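Colleague: please find the sequence and the predicted model below.
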Amino acid sequence: MSDRKFEGQVAIVTGSSSGIGRACAIYLAGLGVSVVVNYSSNEEEGRKTLDEILSKGGKGILVKADVSKEADIISMFDETIATYGKLDILVSNAGLQKDASFLDMSLEQWQRVIDVNLTGQFLACRQAARQFVKQQSQQASDNKEESQYAIGKIILMSSVHDIIPWAGHVNYAASKGGIMMFMKSISQELAPHKIRVNSVSPGAIKTTINKEVWSDPDKYESLLTLIPYRRIGTPEDVAKAVAWLASDESDYVNGETLYIDGGMTLYPEFADNG
């Protein structure tokens, strides 16, 4: 993908104050995208993402919003349109974990994860789709020539746990499994509007959320037994896939999940005859 390929486009990246979201925001900005950096509570970390974008000559703004709250989502989109006048890409990335065994899991632990990881996807994607349709109507009323490419691109952040069960994390796994069918259903509904919707499902990625594992040599070696490619992924590995799905190069890709996992979903325990 050539430099500045997205010049003039605008993206919202939810949960971009750290980890995969931060990498996506910085990578897209490097390709010419004006990025709305979103954080929920940690303004300092959100500012770090934006500062890195700006220091590299990119463009962006910082917006606080809890994706599980409809008013926050609407406000974030309003600020985006007020600043840039349009939206081209949504990377619906924000997510969290609240781990517990199923027998001990509280309703609060269950509900908070579902609210952010699944309801947050619904709210952000719905607002983006409404904006894309509005822009399409405006273009038609202005008699502008219709592009052969999608009018808007939505990429949802899922996980290999949309298909791999995960005991002790049933709230998280349920939210990610829900994302898969949510994504497929809205991609079917929005395709006639020339809106493309896809998901990315990372495997083991080197972020702070799993630092306890990759920073411990013994735990890291044990983790590698689950990854045929024999390395842990980086946030940039995911960001590059997100950028491709947001580009016109993937214009005929719709309703798909791209697994960025080094082969974790290939049942590696069967590699030696099971």
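Modeller: Nice, thanks for sending it over.
Colleague: for the protein, what's the longest strand?
Modeller: strand 195-202 (DSSP state E).
Colleague: could you dump the helix or strand following it to CSV, C-alpha only?
Modeller: Per DSSP states H and E, the first helix or strand lying C-terminal to strand 195-202 is helix 211-214. Backbone C-alpha positions of helix 211-214 (Å, rounded to 0.1, in the frame of the first residue of the first chain) are rendered in CSV as follows:
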residue,chain,number,x,y,z
LYS,A,211,2.1,-8.5,29.2
GLU,A,212,2.1,-11.0,32.0
VAL,A,213,2.3,-13.8,29.4
TRP,A,214,4.7,-12.5,26.8
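Colleague: residues in contact with helix 211-214?
Modeller: For helix 211-214, the external contacting residues (CB atoms under 8 Å, 6 or more residues apart in numbering) are 204, 206, 219-220, 223, 232. For every residue, glycine as well, the C-beta is placed using N, CA and C.
Colleague: quick one: the helices in the protein?
Modeller: 19-30, 43-55, 70-84, 107-114, 120-141, 170-190, 211-214, 217-224, 235-246 (DSSP state H).
Colleague: give the contact list for the closest residue to Gly255 other than its chain neighbours.
Modeller: Spatial nearest neighbour of Gly255, chain neighbours left out: Ser187 (3.6 Å); criterion: CB to CB, 6 or more residues apart in numbering. By CB under 8 Å, 6+ apart, Ser187 lies in contact with 196-198, 254-255.
Colleague: equivalent analysis for Val170, please.
Modeller: Val170 sits next to 102, 105 when contact means CB under 8 Å, 6+ apart.
Colleague: in the helix or strand of the chain with the lowest mean pLDDT, what counts as buried?
Modeller: Between all helices and strands in the chain, the lowest mean by mean pLDDT, DSSP states H and E belongs to helix 211-214, at a mean of 88. Residues of helix 211-214 classed as buried by neighbour count (16 or more other CB atoms under 10 Å): Trp214.
Colleague: re the thing from before, now the residue nearest to Gly255: how far from Gly95?
Modeller: 19 Å (CB to CB, to the nearest Å).
Colleague: and Ser2, what's its pLDDT?
Modeller: We have a pLDDT of 46 for Ser2.
Colleague: what's the answer for the one 5 residues further on, then?
Modeller: Glu7 is assigned a pLDDT of 92 by the prediction.
Colleague: which residue packs closest to it, ignoring adjacent ones?
Modeller: Using CB to CB, 6+ apart, the nearest residue to Glu7 is Gly32, at 3.7 Å.
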